[in-house]
Structures are given as structure tokens and as C-alpha cells.
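Undergrad: what shape does this take:
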Amino acid sequence: MNQMLFTIQFVTKYLSLCQVILAVINRLIIRMEAFFNHLLQFETLSKHEIELIKANVYCKNIAAKTNILEPGQISKRLGFVLSGVIRIFYYDDNGNEVIHCFHNENHFIGDLESYQSSMATERYIQTITDCTVVFFNKENDEYLNKTLDKWPILVRKLTESALMAKINNMKNLVHADAKTKYLEFLKKHADIVQRIPLGDLASYLGIAQPSLSRIRKSIII
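TA: Numbering: from 1, shown residues only. You can find the predicted model right below:
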């Protein structure tokens, strides 16, 4: 009887573990679909081409406040954020932390200049929240360049899109006053404004943190 009870408990725990694993796999599959749906916005891909790309990328869960890249390192991979928020920053000559940009779901991350030139980066890429990221490294990139004619075209289109988005974001921050900067950011990035520290947002917008705090309190969202 005890042996049977032990067996039933073991099977129950095993089935429960299997359900958890399957749930994780299903979430990962759904998130990976977001990656390929994003690629398909820029280039038509056949099922075979999608499978070829899928075989040359890998998915990784990364804890909050983890450095993906640090100054002095060479960027050997690029990533696509499936979930979470990431920041890119550096320290100025006075030791002040300067936020360069934020990236959340459906955005690519990496130091493209370091990746392409094999020169050491001067920036940090760090997770703000727990993140899931799809990565491809240089070996994957080179292989896809040789085997998939559409890959260089796709990478070029993605790079151009990211550059235009960066230019548009910076254009709105150059001459605007503090309140306008915050409202513009809120309009474009309402999905992440509650997930990033106030100090990070103040640094990115070029506003003193106490001033940003007063602006936020004066606005009814």
C-alpha cells in the first residue's frame, strides 16, 4: 500500500512538472512568433527560410539588473527583446550615468558599431526588468549571409528602421521644454514608462529628477 501511495505521489508530481514545462515551452513558442512576425513586416519569408533562421538563433531568460554588455567588451551578438525592458547607458567624464536609450518588447538590442567593427564598446547594455531575448551571434549572422539571400536585405531594412526611430526620438528631445519632453515620451512609450526607474527616465530626457517628479505629479494620466 505504501509503495502504491509513493508511486501515485511520484506520478502526480511528475505530471505537474510536465505541465509546468509545457506551459513554459508554449509561452516561448508564442514569444518566438512575435520575433518572426516582426521580421515578416520587413521581408517575405518562406517556411523553409523561417526554419533556417530559427535554427540560427537562441532564446535566453535574463534576470533584472544583468549586464548583457560592458565597456571594454566587443559585441559578438545582437538580440531581439521578447519581453522586458533594457537600457543602454554610459558614464560621462564626471562619473554621471547617462541613459542613451531604452528598448522593450519587439525591439532589437546591441552595439551595432562594436558588432560590425569588432571594436570594444564604451556602453553598458543592462536589463531593467527580467527579460527574454532572442540572440544571434556573428557565426549565425555569417552563416545566414551565405545561405539565405534575403538575410542581408532583412538586416539592412531592420537597421534602417531602428536608425530612423532613433532619429525621430532624438528630434523631439533637442529643443523641447521639460514638460513637452515627458509628454512626448509618454505618448510614444506609455507601455514602459511605469517599468523604468524615475532616475533613468530623467537622465534620458535630460531633466533633473526632482523637476521630472513635479511634472509627473502635475499631470493626470
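Undergrad: quick check: what element follows the host helix or strand of L82 along the chain?
TA: In this assignment (DSSP states H and E), L82 forms part of strand 77-83. Downstream of strand 77-83, the next assigned helix or strand under DSSP H and E is strand 86-91.
Undergrad: what angle sits between that following strand and strand 77-83?
TA: Strand 86-91 runs at 130 degrees relative to strand 77-83, counting by axes from the mean of the first three to the mean of the last three CA atoms, to 10 degrees.
Undergrad: what residues of strand 86-91 count as buried?
TA: With burial defined by 16 or more other CB atoms under 10 Å, the residues of strand 86-91 counted as buried are 86-89. The C-beta positions use only the backbone N, C-alpha and C, and glycine is treated the same way.
Undergrad: all the helices of this structure, residue numbers only.
TA: Applying DSSP state H to the chain gives helices spanning 2-40, 47-54, 112-117, 138-147, 150-174, 178-188, 198-205, 209-218.
Undergrad: what sits against the residue nearest to the spatial centre of the chain?
TA: The chain has V81 as the residue nearest its centroid, 3.2 Å off, counting by CA atoms, centre = their mean. By CB atoms under 8 Å, 6 or more residues apart in numbering, V81 lies in contact with 103-109, 131-133.
Undergrad: where is pLDDT lowest across these?
TA: Ranked by pLDDT, the contacts of V81 bottom out at N106, which scores 86.
Undergrad: hang on, it packs against E33?
TA: No. Using CB atoms under 8 Å, N106 makes no contact with E33, being 11.6 Å away.
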